[in-house]
Structure formats: C-alpha cells, structure tokens
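**Q** Provided below are the primary sequence and the corresponding predicted coordinates.
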Amino acid sequence: MKNLLTHYKSALLATILCCSAGAGELAAQQSRTSYFMKSSTVRTLQNPAFRPERGYVSIPVLGMMNPSFSTNGLTLDQLVYPKGDETVLFLDPSVNTDDFLRGLKTDNRIYTSVNTQILGAGWYSGQGFWSVDLSLKSNASMSAPKTLFEFMKKGNGVEGTTYDINNLKGTAEAYLEAGVGYSRPINDKLTVGGKFKFLLGGGSAEAQIDQLHAVMNAGQWNITSEGTMNASVKGLKTKEKLDNEGNPYIDGFDVDGGGIAGYGAGIDLGASYRLTDKITLSAALLDFGFISWGKGVHGVANGNFNFDGFDLVVNESASDKPSLSDQFDSMTDDLEALIHFREQGRKKRTTMLRSTFNIGGEYELLKDKLTFGLLSSTRFYQPKAYTELTLSTSYRPINWFEAALSYSFIHSQFQTYGLALNFSPYWINFFVGSDYMLTKVSSEFIPVKSTAADFYFGISVPLSRR
C-alpha cells in the first residue's frame, strides 16, 4: 500500500511544475457498456440501486481495475510524428508548423483516471443488499491553450515578437476510499440504494497560470506571469533555484516521511424504476463529496525572468539519435524552466470529488435475454464537465455468459464502440470490457488516433443467489 501511495505522490509532484497531470496514464471510472448487464457485479458501482443476481467476494486487487483517459480532440498522432525509421515530437524541425497547429483546438483538454479496487464484497440480507469495498483512486486533468503549443513550436522569434498564454491549468489527486452500500426495493417497481464513503487523501496538486506574457528581447524571451499553485502531500518539501534576477523559485520537491494528507467523505445515491414489464428507468449521482487537505505548499507566479526558449536536442548521427523519451525529457525540462512558482507559505484547502451523474433507460426482449439501453453519463471535471451518450445492447444466450456491445456518440469518429464480456459459472465471476475499443495503436500499445480509451477488468467469487 505504501509503495502505491508513493507512486501516486511522485506523479502529483511532476504535475505541479508542468501544469499537466499524468497525461500518460490511462474517463469515467465506470463501465458504461456494462450498465445494463444484470450478471455483472461491476454495475453496482455505477448505480447503488442495482443489485447483482448473486453476492460476491472480490479477489484482492483484482476485484476491479480501470485505467482511462479522454481528450476534447487531441490525439497522440498530433504530438508525435514518423521520421524515417524513428518517431519524433512535434518540436522536431521536420514537422510542418502550420500542419501541426491546424489540428489543435483553442483549448486542449486531457482527463485521466485510475481506479483499483483492493477489497470488495456484496451479499443479500433479507430483501436488502449490502456491499463493502476499499479502493485506491487517482484523477488528473490538464487544460492547455493553443497559444502555448504555438509558442513552443515557434520559439525563436524576431526582436519584439510577443505571445500571450492564458488559462493554463493542471490538477491531480490520489486517495483511498472505504465504502459501505445498501439497496432495497420499496415496492414491485421502485428500488433505491446508497453508499457512504470515507476518504483518506494521499495527495493533491493544482497549478494555474492565469496569464503568461512573453517578449523576445536581445535573443531571449522576457517572461511575465501570474498564477497560483497548491500541493498537499504529507512531508512535502520544496527545492529552490535562483532565476536571472536572483529570485528563488520552486525547482522540485522531496517527500520526507509521508502519510495521510487529508480526510473527506462522499456519497452515492441511486434509484431504479420499472415503468412497464419491459421498460426500466434509472438514475444515480456518484462521488458527491469532498476532501479537506492539511497545510500544503502554496506558491504564486508573479515575477519577471528570462527564458531561452524550447530546444529539442537533435543529433543526426546515425549511431546517436535522441530517443522519443529523450525528446520528451528535454521538452519537460523546458516547461519547468518556463513556469516559476515562488513558495508563499503553507495553507489548508478543500477540494470536491469528481462527481458523475447517470441517467438511463432500458428495454428488455426475449425474457431478459436481450436488452437495449441508452445511458447519459456526465462527469464533472476541473475545469469543465465531460458528457457521454452511450447506446448499448446486451445478450445472454446461456445463464453463465453475457455479452454487451455499445456505441458512444460524443467521442465518435466511428472508433468508440465498446465491448464487455461477463462469465459467471457457479465458481467464478470474470468481467472484462472497454467503452472505447482501440482501432490503431503504436508499437508501445498506445492509442494514436483515439480521443478516449479505457479498460475494465475484474474477478470475484460468487456467493448464494438472492
């Protein structure tokens, strides 16, 4: 457990300086494709009123694993390009500047999350269904204006060239969640459910540059910026460096010891209503809550300093060409040099969880063997909300096997079909699925064309039926 928390803390610290947030991690911490699958135990996490056909005990750590990411249009092949037999970043001189900038939006956003259920169980008691679980969750988001990429790509301007970069923001957090849930039918049509969650914060970071003004002067960029940052990690210490004016700024972080950085609480609420013998309506509000963080590093960006610009180390020697990782490290170093936060004491703060609102309707055919469903799912990120509309169908030809196929409309481009499979013989329940099946990946199995990707995996041991 300590190693996992340390891993997440390291990612948080990198976020603070770069105003990005774990964009390399694999957005919704729920499997929309399986929302209407009655044999799946995972669906109880999407609506606490849903009751699986059988109780269960999850395999530790393997009860449910879910990495995911989404963007508002930015894809990997807009950032990396083929160059002969190698791959280069967009900063490489071989990448056409106009072609690169044409594919970007005014505001480019990335959302990521990783959810791991460490322990979990559910069982029937009379007409009620109880569930308990312990999970480790991490969330991150980034919002970067197109002008930042233009400045990075055109970083060597003539005297007097200016750039104004506004609203660059990154957030990240990691926490443990212990939950207890209960659902019960009110009558033959209505079932309600809820879950209370106690939260232990591992770490949280947010950084925002409200305005960054760059002017080319005597071969260097003169930078003036305004912004704030907050980092809440137990035992966090800053490392400082001096800029060209002799003013200190944050150049890195160390963690001395570690521990719980904050406490919080949250609730899930859900309901399911059987309108007719074939039509069922449902709705749920998930992760409505907060975490109160202890005193953490508070920094401001309000100084004036010089910046040399973005330089991509290019070595055309056939035997010593920089790898993609080397190019990325060089770009990251330059980003850190561009953003100067000065520590301004310590402060407490409170952050809200990333809530999700689900509303769905399903139509059943063939005595529960075939179901069609439509689900609207909205997740409230920082700085903006993310909405997905998913049409799905599930088929259960035999009692121990169910399959579902879905299509999500908002991040479509004919690439966002989902697939979920649930195997449930008497001795095991195995679930695997994705809401965004990958159509094209790199040699490292990274999606290069997709604006969203996720993966769900879970194993549990079935208990008695209700």
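**A** Everything's here; your move. Residues are numbered from 1 along each chain as shown.

**Q** from now on I want contacts and neighbour counts done on CA atoms only, so please keep to that.
**A** Noted.

**Q** so the residue nearest to Gly219 when sequence neighbours are not counted: helix, strand or coil?
**A** Spatial nearest neighbour of Gly219, excluding adjacent residues (C-alpha to C-alpha, 6 or more residues apart in numbering): Glu159 at 7.3 Å. Three-state assignment for Glu159 (DSSP: H, G, I helix; E, B strand; the rest coil): coil.

**Q** look up how far Leu338 lies from Glu159.
**A** 19 Å (C-alpha to C-alpha, to the nearest Å).

**Q** more crowded one of these two?
**A** Neighbour tally, Glu159 and Leu338, criterion other C-alpha atoms under 10 Å: the higher count belongs to Leu338, 22 against 13.

**Q** so what's the more buried one closest to, chain neighbours aside?
**A** Among residues not flanking Leu338 along the chain, Phe307 sits closest, at 6.5 Å (C-alpha to C-alpha, 6+ apart).

**Q** can you check Ala404 too?
**A** Nearest to Ala404 is Ser394, by C-alpha to C-alpha, 6+ apart, at 4.0 Å.

**Q** helix/strand/coil for that neighbour?
**A** Looking at Ser394 with three-state DSSP, the answer is strand.

**Q** now it: how far from Glu364?
**A** Counting by C-alpha to C-alpha, the gap from Ser394 to Glu364 is 10 Å.

**Q** and the spatially closest residue to Leu104 that is not a sequence neighbour, how many residues sit next to it?
**A** Excluding the flanking residues, the one nearest Leu104 by C-alpha to C-alpha, 6+ apart is Lys146, at 6.4 Å. Lys146 is flanked by 19 other residues according to other C-alpha under 10 Å.

**Q** what's Lys146 in contact with, if anything?
**A** By C-alpha atoms under 8 Å, 6 or more residues apart in numbering, the contact list for Lys146 reads 101, 104-108.

**Q** taking the residues you listed one by one, which sit in strands?
**A** 107-108 (DSSP state E).

**Q** as CSV, the contacts of Lys146 with pLDDT would be great.
**A** Output for those, formatted as CSV (pLDDT from 0 to 100):
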residue, pLDDT
Leu101, 90
Leu104, 90
Lys105, 89
Thr106, 90
Asp107, 90
Asn108, 90
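
**Q** which residues in the stretch 101-250 of the chain form helices?
**A** 146-153 (DSSP state H, counting those that start in this stretch).

**Q** low-confidence ranges, it, go.
**A** Residue ranges of the stretch 101-250 of the chain with pLDDT under 70: 157.

**Q** in it, which spans are strands?
**A** 107-125, 128-145, 162-185, 190-217, 220-232, 236-242, 248-255 (DSSP state E, counting those that start in this stretch).

**Q** out of those strands, nearest to Arg346?
**A** With C-alpha to C-alpha as the criterion, Arg346 lies closest to strand 220-232 of the strands of the stretch 101-250 of the chain, at 8.8 Å.

**Q** pull the residues that contact the closest one.
**A** With C-alpha under 8 Å, 6+ apart as the criterion, strand 220-232 contacts 13, 16, 203-216, 261, 293-309, 338, 341.

**Q** just the CA trace of it, in PDB.
**A** Taking Å, rounded to 0.1, in the frame of the first residue of the first chain, the C-alpha atoms of strand 220-232 are listed here in PDB:
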ATOM      1  CA  GLN A 220      15.900  35.800 -25.100                       C
ATOM      2  CA  TRP A 221      12.300  35.700 -24.000                       C
ATOM      3  CA  ASN A 222      11.400  38.000 -21.200                       C
ATOM      4  CA  ILE A 223       8.600  36.300 -19.300                       C
ATOM      5  CA  THR A 224       6.000  37.900 -17.000                       C
ATOM      6  CA  SER A 225       3.400  35.600 -15.500                       C
ATOM      7  CA  GLU A 226       0.600  35.500 -13.000                       C
ATOM      8  CA  GLY A 227      -0.700  32.300 -11.400                       C
ATOM      9  CA  THR A 228      -1.100  30.100  -8.300                       C
ATOM     10  CA  MET A 229      -0.300  26.600  -7.200                       C
ATOM     11  CA  ASN A 230      -1.100  24.400  -4.200                       C
ATOM     12  CA  ALA A 231       0.300  21.000  -3.300                       C
ATOM     13  CA  SER A 232      -0.900  18.900  -0.400                       C
END
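
**Q** partner strands of that strand and their direction?
**A** Paired strands of strand 220-232, with direction, are strand 190-217 (antiparallel), strand 279-301 (antiparallel), strand 304-307 (antiparallel) (DSSP bridges).

**Q** give me the most central residue, the chain.
**A** Nearest residue to the geometric centre of the chain (C-alpha atoms, centre = their mean): Thr112, 1.8 Å.

**Q** surely Leu176 touches Leu134?
**A** Yes - with contact defined as C-alpha atoms under 8 Å, Leu176 counts as touching Leu134 (7.2 Å).

**Q** sorry, back to before: any idea which of the strands paired with strand 220-232 is most buried?
**A** strand 190-217 (a mean of 22; mean count of other C-alpha atoms under 10 Å).

**Q** how far away from the center of its chain is that one?
**A** Distance of strand 190-217 from the chain centroid (C-alpha atoms, centre = their mean, to the nearest Å) equals 11 Å.

**Q** how big is the angle separating it from strand 162-185?
**A** Orientation note: strand 190-217 sits at an angle of 170 degrees relative to strand 162-185 (axes from the mean of the first three to the mean of the last three C-alpha atoms, to 10 degrees).

**Q** which strand residues bridge the residue nearest to Tyr163 when sequence neighbours are not counted?
**A** For Tyr163, the nearest residue in space outside its immediate sequence neighbours is Ala214; the separation is 5.1 Å by C-alpha to C-alpha, 6+ apart. Listed by DSSP bridges, the beta-bridge partners for Ala214 are Tyr163, Ile223.

**Q** and for Tyr386?
**A** Bridge pairing for Tyr386 - DSSP bridges - gives Arg379.

**Q** sorry, back to before: want to try CSV for the strands of the stretch 101-250 of the chain, with distance to Leu45 as columns?
**A** Putting these into CSV (distance: least, C-alpha to C-alpha, whole Å) gives the following:
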stretch, distance to Leu45
strand 107-125, 11
strand 128-145, 10
strand 162-185, 10
strand 190-217, 10
strand 220-232, 28
strand 236-242, 33
strand 248-255, 33
